[in-house]
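# next input, structure requested:
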Amino acid sequence: MVPPPSNNVRQLFKQQQTQRQQQNKVDHVFAKYDSQGKLGCVLCKLTVKNEQLWGPHLQSVKHKQLLAQLKAIKQQQQQKETARKRPAAEHDAGSSAPSGDAALLTKRARFEQLEKEMEQEEQERQQQQQDASEDDSEDSDDSDENMDEDNDESGLPADFFDTPTPKSTSATPTPAAAAGAASSNTSSSMKLGVHRDLPSGFFDDANEEARARQVDAPDVMEDQQLDEDYAAFKEMMVDTNEETDKMLENDEETILLDREVTLAQQQLALDQKVQYLKQLRQQPHLLQTKQQQQSSRMDDHGDADAWTTGLKSSVREWKCVSEM
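Modelled structure (predicted):
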């Protein structure tokens with residue numbers, strides 16, 4: 001007989017087995033071993049048979065979907081935390097840096113200063129263009145006077161030509177005038193739409209930005225949209241109520257008509273029965289003739305039954321005789 005293994009051998013075997021298991025254990029964020037040493041995924045809440053299947057489990061569709069959901073939830077939580085921390089940080093930084101209102105005022109003052117400088121430059125440019133256009137008009141007047149003097153000296157009459165030649169200034173505007181018109185248009189467009197050309201997020205407050213852009217605030221737009229949706233819903237409900245009322249009226253009319261038709265038919269049948277009873281009461285011999293007709297019909301039926309029974313019995317007797 002083979003002697004049983006000693007306790008030392010058993011302990012050595014257990015130690016080797018535990019060392020082997022520890023070497024093969026998976027070290028991952030979502031990996032977890034239970035009390036029985038079974039590997040499981042914390043995210044999927046599933047048990048993996050062995051450590052070799054841990055890699056394919058991480059590449060499975062279900063694990064990837066749950067991991068994406070977890071990342072999305074974490075991002076939402078981080079956004080909420082940053083949104084909460086932002087007012088506190090601005091409040092804490094009030095001692096070292098200017099507050100939100102002060103920053104807004106500085107931005108607004110800087111913007112107004114830039115606007116004033118741009119308007120001054122535009123005015124100076126317009127003034128220069130007007131001076132240039134006046135100089136050009138004086139030069140053109142001088143040239144016209146010189147041409148008239150030449151014509152007088154040549155001895156040509158005033159109406160020598162059938163149609164007077166149009167002046168170039170009236171047909172085509174001078175470059176100075178075109179530049180003045182363009183500058184006036186640009187200045188007016190700047191005065192009207194300078195706030196709308198600002199980049200989005202220039203002001204921290206959405207209402208202040210909407211006021212600067214000369215558009216409705218987001219709250220006002222939402223209220224208007226809600227009012228429009230509510231008005232459309234009320235109109236739709238009114239239309240549906242009218243349709244249901246019309247359908248109910250039509251159903252009631254059809255029910256009343258059917259009831260009137262059935263009542264008229266019943267009344268007609270009762271009237272016919274009353275008329276028949278009146279005739280029988282006035283002419284009793286009709287009742288007697290009807291009873292006689294019914295009795296004669298019963299007698300005829302009885303004779304026919306007797307004849308059929310006699311015929312059957314005669315046929316039976318003939319069969320018996322033929323068989324003998």
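# quick one: mean pLDDT over the helix or strand encompassing residue 124.
In this assignment (DSSP states H and E), residue 124 forms part of helix 100-154. On average, the pLDDT along helix 100-154 is 69.
# and the helix or strand where residue 243 lies, average pLDDT?
Here residue 243, judged by DSSP H and E, is contained in helix 218-282. Average pLDDT, helix 218-282: 86.
# spatially, what comes nearest to residue 62 if we skip its sequence neighbours?
Ranked by CB to CB, 6 or more residues apart in numbering and with sequence neighbours excluded, the top spatial neighbour of residue 62 is residue 44, at 6.1 Å. To be clear about C-beta, it is placed using only N, CA and C from the backbone, and glycine gets the same treatment.
# quick check, residue 50 in contact with residue 39.
Yes. Contact criterion CB atoms under 8 Å: residue 50 and residue 39 qualify, at 7.1 Å.
# these two: who's more crowded?
residue 39 (21 against 10; other CB atoms under 10 Å).
# next up, the contacts around the more buried one.
26, 31-33, 47-51, 54 (CB atoms under 8 Å, 6 or more residues apart in numbering).
# what subset of these is buried?
Among those, those buried by neighbour count (16 or more other CB atoms under 10 Å) are 26, 31, 48, 54.
# now do the SS call for the first one.
Using DSSP: H, G, I helix; E, B strand; the rest coil, the structure places residue 26 in coil.
# in TSV, list the buried ones among the contacts of residue 39 along with pLDDT, distance to residue 232 and secondary structure.
Shown next, in TSV, are those (pLDDT from 0 to 100; distance: CB to CB, whole Å; DSSP: H, G, I helix; E, B strand; the rest coil):
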residue	pLDDT	distance to residue 232	secondary structure
26	81	59	coil
31	88	56	strand
48	88	56	strand
54	87	57	helix
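# what are the phi and psi angles of residue 27?
Here is the backbone geometry of residue 27 (degrees, to the nearest 10): phi -110, psi 100.
# redo the buried ones among the contacts of residue 39 as JSON lines? Include distance to residue 280.
Putting these into JSON lines (distance: CB to CB, whole Å) gives the following:
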{"residue": "26", "distance to residue 280": "108"}
{"residue": "31", "distance to residue 280": "106"}
{"residue": "48", "distance to residue 280": "101"}
{"residue": "54", "distance to residue 280": "105"}
